[in-house]
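A.B. asks: generate a structure from the sequence data that follows.
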Amino acid sequence: MSRPLPKSSTSQSRRLTARSRPMPMPLGLVLSIAITIYTIHFFHIIYNLDGDLKDIARTHLPPTHNGQIEIEQGFFNDWDASNSEMNKLKSISFPHGSFFFGPDSHQVDIPVSDAFDPSASWSSLQRELLDDDLDIINVEEERKRCASYGFGLPTNDAMPLRRRRLFYGALISGDSTEVIKATSMEQYNIFHTVSLIESNSTHNLSPKKWRFFGSEDASRELNWLYQLFGPKTKVSMDYYIPSLEKGQESDAMYLDFYQREAHSYRWKLNGMRPDDIAIIGDLDETYSRDYLRALQVCDVPQFRPGQSCRSAKVYASTLVFESSPECAWKGRRWFHPDAILGECVDQIGDTNLHPPTKRDRWESHGWRLDGYGYFEDYSQYEVEVLAGLNKNMKGQGPLWLPHEFRVESGGVSASKSDEWNSPTAYHFHNFFMSGEEIRFKYSTYGHANSKALVKSLRHIHADGDLMLAVMCALGNHTENTESSFDGIAGTSRPIYYLNEEARQARHNLWQDIVRRDEEKYGQSKNDERR
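C.D. replies: Predicted structure coming up:
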């Protein structure tokens, strides 16, 4: 896999290491941002993370290649915006950009006008499935659940029978309310923490407006988000501002990598321990509720204490829906989200047991280098890092940065142990509310396609996802698609779409999007050459 360097010399890149003080942001940019967020939702919140953040600064290192950084007490910086409340919002800076940490949902008072109960709209079947938040563990029920995934129950004192705490992290941008409702219902009242991170740029560094602060509408939408995951879950919205200029980073996916780094700091702020479980996903992905419960209780080998952290993750066997719950792939599975034990997670695990590795951006960010854990090759890590320590370190691996949950190898997948190998997760792919939103995604995120703005939807991915979704909307199911939601093989179904009214409403909307798109752009293959 190609991992191109940023468009600067190698010597310049090496000088910009985490050993240096964080790069100051340009004054003009600081003033611009301060003005933008003057009306932020947080103005009405009495909020100070000073103690917690300074504890992290004293005891936990940022991602680094050698573990020898001495963090100053002021590593987490206050905003110093005169005549505003932004001096209460803490920040941390790296060579690629800065993170700003907001409050979590348990630290805010939701106005009565914005308050709502997500469970009020549940059907009787959904309520039966979601009302499982019991303090007492039914041993026989959990034993059957675990066995259905090939797991047993813990049988020793090192892993007592209890529900593990789950900490979740995902980036958020233009994700539709539809997909957020679908995934949050599956996760309702299960996670200890939901860490969401928004940026003011896309992955190719095109500027975009903040969605979750800066206006009354943003405040209302944030209040809505705070409540979706259930009252027992701490939901946070944190912010990332890249310091790189457009074109400086040669691969846009690195912006995805950088932005995710804040998750481990948020998890630490919220009290994550080495025996907790960290989960990284995209917001349109979720483990099934049944599998989340299994991860909390079962004897999962990757969750036993004393991990080497080399083969650390448990990744999903994911059923993919394309734009509608009635349009599911047949015979094809995705493989996210990904879960890792806290003792193997950056900022949570012990760097004395899991010394830092080397990576290809400023030595401590980006992809792991060849021989330093990239694609499970630890040959150089053994020689250059572990050999200089003690003999008991052989076979140990480094802690995982949040983005590495998704891109690095090392772990196992699990599906249900039934005749269909039923999935353990769902991916609601391209569940947008308009064709324009889809085009914006494909023209600005990840490996951007500049022609997406002028193509019909079916030809943005002429041999893949969008073509399948368009054909399904037109009633043309192929051998690659399930015949319907009800016709999906296996025992796993997303809870949100068990409500037939919600399912039909989404499919009708997708059919309308396709119909309008084909009227405007046509359906011939000529536009493929645009």
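
A.B. asks: can we go C-alpha only for contacts and neighbour counts from here?
C.D. replies: Fine.

A.B. asks: for the strand or helix carrying R516, name the packing helices and strands.
C.D. replies: Using DSSP states H and E, R516 sits in helix 500-521. In terms of contact count using 3 or more Cα pairs under 8 Å, 6 or more residues apart in numbering; DSSP states H and E, helix 500-521 is assigned the packing partners helix 435-444, helix 465-473.

A.B. asks: give me the buried positions along that helix.
C.D. replies: Of the residues in helix 500-521, those buried under the neighbour-count criterion (16 or more other Cα atoms under 10 Å) are R503, R506, H507, L509, W510, Q511, I513, V514, D517, E518.

A.B. asks: helices and strands of this protein: which one has the lowest mean pLDDT?
C.D. replies: The element with the least model confidence among the helices and strands of the chain, by mean pLDDT, DSSP states H and E, is helix 10-15, at a mean of 29.

A.B. asks: which residue would you name as the spatial centre of the chain?
C.D. replies: A170 (2.3 Å; Cα atoms, centre = their mean).

A.B. asks: kindly state the beta-bridge partners for that one.
C.D. replies: Beta-bridge partners of A170, counted by DSSP bridges, are L196.

A.B. asks: any idea how far it is from P402?
C.D. replies: As for A170, its distance to P402 is 10 Å (criterion: Cα to Cα, to the nearest Å).

A.B. asks: common neighbours of the two, please.
C.D. replies: Between them, A170 and P402 share these contacting residues under Cα atoms under 8 Å, 6 or more residues apart in numbering: R260, I280.

A.B. asks: go through the helices and strands packed on helix 500-521 and pick out the most buried.
C.D. replies: Between the helices and strands packed on helix 500-521, the one whose residues have the most neighbours on average, counting mean count of other Cα atoms under 10 Å, is helix 465-473 (a mean of 22).

A.B. asks: and it, what does it pack against?
C.D. replies: Counting contacts by 3+ Cα pairs under 8 Å, 6+ apart, helix 465-473 is packed against strand 318-322, helix 457-460, helix 500-521.

A.B. asks: format those as CSV; extra columns: mean pLDDT.
C.D. replies: CSV is the format used below for these (pLDDT from 0 to 100):
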stretch, mean pLDDT
strand 318-322, 96
helix 457-460, 85
helix 500-521, 94
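
A.B. asks: can I get those in JSON lines including distance to L161?
C.D. replies: Written out in JSON lines, the entries for the helices and strands packed on helix 465-473 read as follows (distance: least, Cα to Cα, whole Å):
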{"stretch": "strand 318-322", "distance to L161": "27"}
{"stretch": "helix 457-460", "distance to L161": "49"}
{"stretch": "helix 500-521", "distance to L161": "37"}
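
A.B. asks: nearest to N421, out of the ones you listed?
C.D. replies: strand 318-322 (10.7 Å; Cα to Cα).

A.B. asks: neighbours around K234, how many?
C.D. replies: Burial measure for K234: 22 neighbouring residues, criterion other Cα atoms under 10 Å.

A.B. asks: Q107 now?
C.D. replies: Neighbouring residues of Q107 were enumerated by other Cα under 10 Å; the total is 14.

A.B. asks: now do Q248
C.D. replies: Neighbours of Q248 (other Cα under 10 Å): 14.

A.B. asks: what do you get for R368?
C.D. replies: The burial count for R368: 23, using other Cα under 10 Å.

A.B. asks: from memory it sits against R359, does it?
C.D. replies: Yes. Because the distance of 4.2 Å satisfies Cα atoms under 8 Å, R368 is recorded as touching R359.

A.B. asks: now the nearest residue to L295 once chain neighbours are set aside: how far from A452?
C.D. replies: Excluding the flanking residues, the one nearest L295 by Cα to Cα, 6 or more residues apart in numbering is R164, at 7.7 Å. Plainly put, R164 is 43 Å away from A452 if you go by Cα to Cα.

A.B. asks: run through the bridge partners of Y239.
C.D. replies: As assigned using DSSP bridges, the partners bridged with Y239 are F100, E198.

A.B. asks: does it touch W210 like I think?
C.D. replies: No. Y239 lies out of contact with W210 (Cα under 8 Å); the separation is 9.2 Å.

A.B. asks: quick check: neighbours shared by these two?
C.D. replies: Contacts common to Y239 and W210, judged by Cα under 8 Å, 6+ apart, are E198, S199.

A.B. asks: between those two, which is the more surrounded one?
C.D. replies: For Y239 versus W210, neighbours defined as other Cα under 10 Å are more numerous around Y239 (23 against 18).

A.B. asks: list the contacts for that one?
C.D. replies: Going by Cα under 8 Å, 6+ apart, the list of residues near Y239 reads F99, F100, F101, G102, I197, E198, S199.

A.B. asks: farthest pair in the residues you listed?
C.D. replies: Most distant of these, by Cα to Cα, are G102 and S199, 13.2 Å apart.

A.B. asks: ok so, going back, output the buried residues of helix 500-521 as JSON lines; include the columns distance to D284.
C.D. replies: Formatted as JSON lines, the buried residues of helix 500-521 follow (distance: Cα to Cα, whole Å):
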{"residue": "R503", "distance to D284": "16"}
{"residue": "R506", "distance to D284": "15"}
{"residue": "H507", "distance to D284": "17"}
{"residue": "L509", "distance to D284": "18"}
{"residue": "W510", "distance to D284": "16"}
{"residue": "Q511", "distance to D284": "20"}
{"residue": "I513", "distance to D284": "19"}
{"residue": "V514", "distance to D284": "20"}
{"residue": "D517", "distance to D284": "23"}
{"residue": "E518", "distance to D284": "26"}
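
A.B. asks: any stretches of the stretch 251-400 of the chain with poor pLDDT?
C.D. replies: Regions of the stretch 251-400 of the chain meeting the criterion pLDDT under 70 cover residues 391.

A.B. asks: which stretches in it count as strands?
C.D. replies: Taking DSSP state E, counting those that start in this stretch as the criterion, the stretch 251-400 of the chain carries its strands at 277-280, 285-287, 313-315, 318-322, 328-334, 338-341, 359-361, 365-368.

A.B. asks: point out the most buried one among those strands.
C.D. replies: The highest average neighbour count among the strands of the stretch 251-400 of the chain, using mean count of other Cα under 10 Å, belongs to strand 285-287 at a mean of 28.

A.B. asks: now do that one: which elements does it pack against?
C.D. replies: Contact partners of strand 285-287 among helices and strands, from 3+ Cα pairs under 8 Å, 6+ apart: helix 177-186, strand 425-429.

A.B. asks: how does it look with 10 Å?
C.D. replies: Using 3 or more Cα pairs under 10 Å, 6 or more residues apart in numbering; DSSP states H and E, the elements in contact with strand 285-287 are helix 177-186, strand 277-280, helix 289-297, strand 318-322, strand 338-341, strand 425-429.
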